[in-house]
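>>> any chance you can model this:
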Amino acid sequence: MLDFTSSIYLGFRHPSHSLGPWQNLTAGAPAALSETAGNRLAARSLAELQGCERGLLAPSTLHLFWDLFGILGNEPTAIYLDSGAYPIARWGVERAAGKGTRVREFSHHSPEVLRRLLQRQKGRNARPLIVTDGFCPACGRPAPVAEYLACARIHGGLLIIDDTQSLGILGHSPCRAAPYGRGGGGVLRRFGIHDPEIILVSSLAKGFGVPMAVLSGSRESIGLFEERSETRVHCSQPSSAVIHAALHAIRVNSVSGDALRLRLARLVARFRGGLADAGLSTTGGIFPFQTLVPVPGIDSASLHENLLRRGVKAVLHKGGRGKAPLVSFIITARHTPFEIDQAVEIIDEIVNSETPMRQNGGGYGKLVHV
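Numbers count the residues shown, from 1 in each chain. Next comes the predicted model:
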């Protein structure tokens, strides 16, 4: 089976023998009372990697977004949400909305629309919080971070970025030998932006293969979160095993990360080039999340089923805004050129088979949000 459903882009694995030993899996105490030296080291290293002054670990981005918007929602604020934002950030926004915070959604990657919305609210006693993903795998583009940040500065606001997709992939100084950039520090490193009015919320589960999250930003903003956090009072820090895996990922990234990113970029280019030779195309640019452009007369659900029958696992997901489902292929550094070529050949054979798959010709499988 050729599996193109894993989002562990760099192919990081953390077998037990690669991790340092620990005496207790969990301290059995809330994070506010008990943080290990490994926890503090991982948080500091990740913040530095991302170009921020300080970091704080949590079991998931849900913990962080729930707390962050709960804290900020206690102040006079207004939230401006990029329409392409991932659901977990939205769940945090919903908590603030439940406390009475005004929420406005604006067009995806559209600073012009954001500027107009902010201008209309000028003079109101509400600090704007601009919320976006750092990178959108659906359209294959990073957010216009500099433009969003300029909007935040003008109106005395904050820019809050879910940088889960970028962390481990994007970095500084992109060039032909490093298409994604170097270091894997994420979207701020990619654009060379350092600003105290930015807060990053990032899961390590995709780029680094570790089920944990980090909150990164200025010393002041992270200190405020630490002081007022509710989940840190009622939840433990990430387990010792997870923290050791994070430290392992940081070490591997520093030694081999750039080579893995180059390998990944070449595999993505091979996949896109092979499909282009077959008269097919994908969206996503050079990012490892590649979505097949729908072919007239071909039903995505049926295509997905036929791929499974031929031994290819792909992702069937919603097309957004009521559009038909789409089929995507997630490429990782663990794929081989031979596997890429096999997948391209099978896709080509199915799409160009003599019996077209009529629209709505098959039952929809499990649809996921990306």
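>>> look up how far V214 lies from R40.
12 Å (Cβ to Cβ, to the nearest Å). (Each C-beta comes from the backbone N, C-alpha and C, glycine too.)
>>> likewise for A78?
From A78 to V214 the distance is 26 Å (Cβ to Cβ).
>>> again, but for I88
14 Å.
>>> who has more neighbours out of the two?
Remark: of I88 and V214, V214 carries more neighbours, 28 against 20, as counted by other Cβ atoms under 10 Å.
>>> three-state assignment of the more buried one?
strand (DSSP: H, G, I helix; E, B strand; the rest coil).
>>> please name the bridge partners of it.
L57, S202 (DSSP bridges).
>>> any stretches of the stretch 201-350 of the chain with poor pLDDT?
321 (pLDDT under 70).
>>> try it again with 90
Along the stretch 201-350 of the chain, the model assigns pLDDT under 90 to residues 297, 318-324.
>>> that one: strands as residue ranges?
213-217, 282-283, 289-292, 312-313, 315-317, 326-330 (DSSP state E, counting those that start in this stretch).
>>> the ones you listed: which one's closest to S34?
strand 213-217 (18.0 Å; Cβ to Cβ).
>>> using PDB, list the CA coordinates for that closest one.
This file holds the C-alpha atoms of strand 213-217, laid out as PDB (Å, rounded to 0.1, in the frame of the first residue of the first chain):
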ATOM      1  CA  ALA A 213       2.300  22.400  20.900                       C
ATOM      2  CA  VAL A 214       4.300  25.500  21.600                       C
ATOM      3  CA  LEU A 215       3.200  29.100  22.200                       C
ATOM      4  CA  SER A 216       5.900  31.500  21.100                       C
ATOM      5  CA  GLY A 217       6.100  35.300  21.300                       C
END
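>>> contacting residues for the residue nearest to Q23 when sequence neighbours are not counted?
Sequence neighbours aside, S240 is the residue nearest to Q23 in space, at 7.9 Å (criterion: Cβ to Cβ, 6 or more residues apart in numbering). With contacts defined as Cβ atoms under 8 Å, 6 or more residues apart in numbering, the neighbours of S240 are 22-26, 36, 38.
>>> wait, doesn't V268 sit right on L275?
No - if you go by Cβ atoms under 8 Å, V268 and L275 don't touch, sitting 11.0 Å apart.
>>> neighbour-wise, which of those two wins?
V268 (25 against 21).
>>> got the contact list for that one?
286-288, 290, 331.
>>> repeat that for T101.
69, 72-73, 77-79.
>>> among these, which one has the most neighbours?
F69 (27 neighbours).
>>> and it, what helix or strand is that in?
Taking DSSP states H and E as the definition, F69 sits inside helix 61-72.
>>> which residue ranges of this protein form helices?
All helices of the chain, identified by DSSP state H, fall at 37-50, 61-72, 87-98, 111-120, 145-154, 187-191, 219-228, 231-234, 240-277, 300-309, 337-351.
>>> what's the burial count for Q342?
Neighbours around Q342, by other Cβ under 10 Å: 16.
>>> same question, the one 3 residues further on
In terms of burial, E345 registers 13 neighbours under the definition other Cβ under 10 Å.
>>> what separation do you get for C52 and A205?
Separation of C52 from A205 (Cβ to Cβ): 19 Å.
>>> have a look at the two and say which one is more surrounded.
C52 (27 against 18).
>>> so the more buried one makes contact with S218?
Yes - look at C52 against S218 with Cβ under 8 Å: they come within range, at 7.3 Å.
>>> look up the closest residue to G11, ignoring the ones flanking it.
R334 (3.5 Å).
>>> scratch that, R54 is what I was asking about
Nearest to R54 is I222, by Cβ to Cβ, 6+ apart, at 4.3 Å.
>>> contact partners for the one you found?
53-56, 215-216.
>>> could you report the separation of it from P211?
I222 is 21 Å from P211, by Cβ to Cβ.
>>> what do you get for S218?
Distance from S218 to P211, by Cβ to Cβ: 26 Å.
>>> what do you get for F12?
With Cβ to Cβ as the criterion, F12 and P211 are 12 Å apart.
>>> out of these two, which sits in the more crowded spot?
F12 (24 against 16).
>>> adding distance to E147, write the contacts of V268 out as CSV.
CSV is the format used below for the contacts of V268 (distance: Cβ to Cβ, whole Å):
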residue, distance to E147
I286, 22
F287, 20
P288, 26
Q290, 27
I331, 30
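>>> residues near the residue nearest to D3 when sequence neighbours are not counted, how many?
Nearest non-adjacent residue to D3, counting by Cβ to Cβ, 6+ apart: K313, 4.7 Å away. By other Cβ under 10 Å, the residues close to K313 number 16.
>>> same question, L280
For L280, the count of nearby residues is 17 (other Cβ under 10 Å).
>>> is it true that it touches V351?
Yes - at 6.5 Å, L280 and V351 qualify as touching, with contact defined as Cβ under 8 Å.
>>> quick check: neighbours shared by those two?
V295.
>>> care to break the protein down by domain?
Here the domain parsing of the chain from automatic domain parsing is 20-253, 256-351.
>>> among those domains, which is nearest F4?
domain 256-351 (4.0 Å).
>>> tell me how far that closest one is from the chain's mean position?
Its chain's C-alpha centre lies 19 Å from the corresponding centre of domain 256-351 when counted by Cα atoms, centre = their mean, to the nearest Å.
>>> now G319: closest residue in space that isn't a chain neighbour?
Leaving aside its chain neighbours, G319 sits nearest to L326 (5.0 Å; criterion: Cβ to Cβ, 6+ apart).
>>> so what's that neighbour up against?
291-292, 294, 300, 316-319.
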